[in-house]
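K.L.:
Give me coordinates for this.
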Amino acid sequence: MNFFLETLKVIVLLVYYLLESLVFLVVPARKKNVSGEIVLITGAGSGIGRLLAVKFASLGATVVLWDINQEGLKCTVGLVKETGAGRVHSYVCDCSKRQDIYRVADQVKKEVGDVSILINNAGIVVGKRFLDSPDSLVEKTMEVNTMAHFWTYKAFLPAMIAANHGHLVSIASCAGLCGTSQASDYCASKFAAVGFAESIDIEMRSLRKTGVKTTIVCPYVINTGMFDGVKSKWPRMIANLDPEYVAERIVSAVRQNQEVLLMPRIAYLLPFLKSFLPVKALVLLLEYFGLDDMMNTFKGRPKKE
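P.N.:
Numbers count the residues shown, from 1 in each chain. Below you'll find the model as predicted:
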């Protein structure tokens, strides 16, 4: 009897959750108020991190900016102050070093307070073939793109759990859903970031800490300079993403407690196709869309940046 009742309950809830998701596709969920929240953004000295800082500050949040580039931080702070809303604090932090993360995290907790929205945005890309990638850069890619998430969660998650309130945002990549050539370390780091965020989300649910939300963001190439030189084979179908659009979508996803955000929308087909297509068929599609060798034209940001 218990087996029957539990199975019936699962079936009913599955149907309910599916219908709920369909409704939210037509009628978006109500956006939560982030005014007064303390939002920490890593990699805030440029690109998406800078845009997110400005957008969250304009909504009345206190933004805490981390970056290894002090000049970049100063520029972001200036842009945030121009909004005239929210407060801004900046810290130079090397997200490839665990002890630096813990040290600066302690400063933030003492000087600003408990972080309630954590956005792991800092990332690097090497863009070389596997055997041409220096060991030191492979290690740094994993440290910044993956391991930093472990240390920031350890630093700020306890307070979120204690209050049963918070939001963990992982800026991953479509490269965390499907491998591509000349990005083995980058893909590995993003696959790991996605898996880590999913695991922590399940852990929070098992602990009944439903007030601690998770958003995993997997965008295609964004025109921030990080992937300069990479161009879509069919730009009308899969175009490089506008940074302003991406930042706006991320803020909306956080405010609506959206668990997963893939950009562009066609990217939602990728996990589905991988689940049943033969490998040769999947590779054929990757070749057709030019995703198998998209890094061949990779240049990246100029070294002076």
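K.L.:
Show me the contact partners of the helix or strand of the chain with the lowest mean pLDDT.
P.N.:
Taking mean pLDDT, DSSP states H and E as the measure, the chain has helix 2-26 as its least confident helix or strand, at a mean of 75. Here helix 2-26 makes contact (Cβ atoms under 8 Å, 6 or more residues apart in numbering) with Gln256. Every residue, glycine included, has its C-beta placed from N, CA and C.
K.L.:
Residue ranges in the stretch 51-200 of the chain under the pLDDT threshold?
P.N.:
The model of the stretch 51-200 of the chain has no residue with pLDDT under 70.
K.L.:
Please enumerate the strands of it.
P.N.:
62-67, 88-92, 117-120, 166-171 (DSSP state E, counting those that start in this stretch).
K.L.:
Which among the ones you listed is found nearest to Asn296?
P.N.:
Of all the strands of the stretch 51-200 of the chain, strand 166-171 sits nearest to Asn296, with 24.6 Å by Cβ to Cβ.
K.L.:
For the closest one, name the packing helices and strands.
P.N.:
Under the contact criterion of 3 or more Cβ pairs under 8 Å, 6 or more residues apart in numbering; DSSP states H and E, strand 166-171 touches strand 117-120, helix 148-163, helix 184-206, strand 212-219, helix 243-255.
K.L.:
which stretch among these comes nearest Val92?
P.N.:
Nearest to Val92 among those is helix 148-163; the distance by Cβ to Cβ comes to 14.6 Å.
K.L.:
Tabulate the CA atom coordinates of the closest one in PDB.
P.N.:
Output of helix 148-163 as PDB, limited to C-alpha atoms (Å, rounded to 0.1, in the frame of the first residue of the first chain):
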ATOM      1  CA  ALA A 148      36.900  29.000  -6.700                       C
ATOM      2  CA  HIS A 149      33.200  27.900  -6.600                       C
ATOM      3  CA  PHE A 150      34.000  25.400  -3.800                       C
ATOM      4  CA  TRP A 151      35.800  28.000  -1.700                       C
ATOM      5  CA  THR A 152      33.300  30.800  -2.200                       C
ATOM      6  CA  TYR A 153      30.400  28.400  -1.300                       C
ATOM      7  CA  LYS A 154      32.300  27.300   1.800                       C
ATOM      8  CA  ALA A 155      32.800  30.900   2.800                       C
ATOM      9  CA  PHE A 156      29.300  32.200   2.300                       C
ATOM     10  CA  LEU A 157      26.900  29.300   2.200                       C
ATOM     11  CA  PRO A 158      26.800  28.700   6.000                       C
ATOM     12  CA  ALA A 159      25.100  32.000   6.700                       C
ATOM     13  CA  MET A 160      22.600  31.300   3.900                       C
ATOM     14  CA  ILE A 161      21.800  28.000   5.400                       C
ATOM     15  CA  ALA A 162      21.400  29.500   8.900                       C
ATOM     16  CA  ALA A 163      18.900  32.100   7.600                       C
END
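K.L.:
What is it packed up against?
P.N.:
Contacts defined by 3+ Cβ pairs under 8 Å, 6+ apart place helix 148-163 against strand 38-42, helix 98-111, strand 117-120, strand 166-171, helix 184-206, strand 212-219.
K.L.:
right, and Lys140 touches Gly123 too?
P.N.:
No - counting by Cβ atoms under 8 Å, Gly123 is not a contact partner of Lys140; they are 11.0 Å apart.
K.L.:
For stretch 172-187, buried residues please.
P.N.:
172-180, 182-187 (16 or more other Cβ atoms under 10 Å).
K.L.:
ok, now stretch 126-141?
P.N.:
Neighbour-count burial for stretch 126-141 [16+ other Cβ under 10 Å]: Val126, Gly127, Lys128, Ser133, Val138, Lys140, Thr141.
K.L.:
contact partners of it?
P.N.:
The contact list for stretch 126-141, computed with Cβ under 8 Å, 6+ apart, reads 96, 124-125, 181-186, 189, 227, 295, 298, 300.
K.L.:
Include distance to Ala163 when you put those into TSV, please.
P.N.:
Below are these laid out as TSV (distance: Cβ to Cβ, whole Å):
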residue	distance to Ala163
Ser96	30
Ile124	32
Val125	35
Ser181	44
Gln182	43
Ala183	38
Ser184	39
Asp185	36
Tyr186	35
Ser189	30
Phe227	37
Met295	42
Phe298	43
Gly300	40
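K.L.:
Go through those and name the one nearest Val260.
P.N.:
Ser189 (18.3 Å).
K.L.:
coming back round to it: report the two of the buried residues of stretch 172-187 separated the most.
P.N.:
Ala172 and Gln182 (18.4 Å).
K.L.:
picking that back up, next, format the strands of the stretch 51-200 of the chain as CSV and append mean neighbour count and distance to Val108.
P.N.:
Below are the strands of the stretch 51-200 of the chain laid out as CSV (neighbours: other Cβ atoms under 10 Å; distance: least, Cβ to Cβ, whole Å):
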stretch, mean neighbour count, distance to Val108
strand 62-67, 27, 6
strand 88-92, 19, 7
strand 117-120, 27, 11
strand 166-171, 25, 14
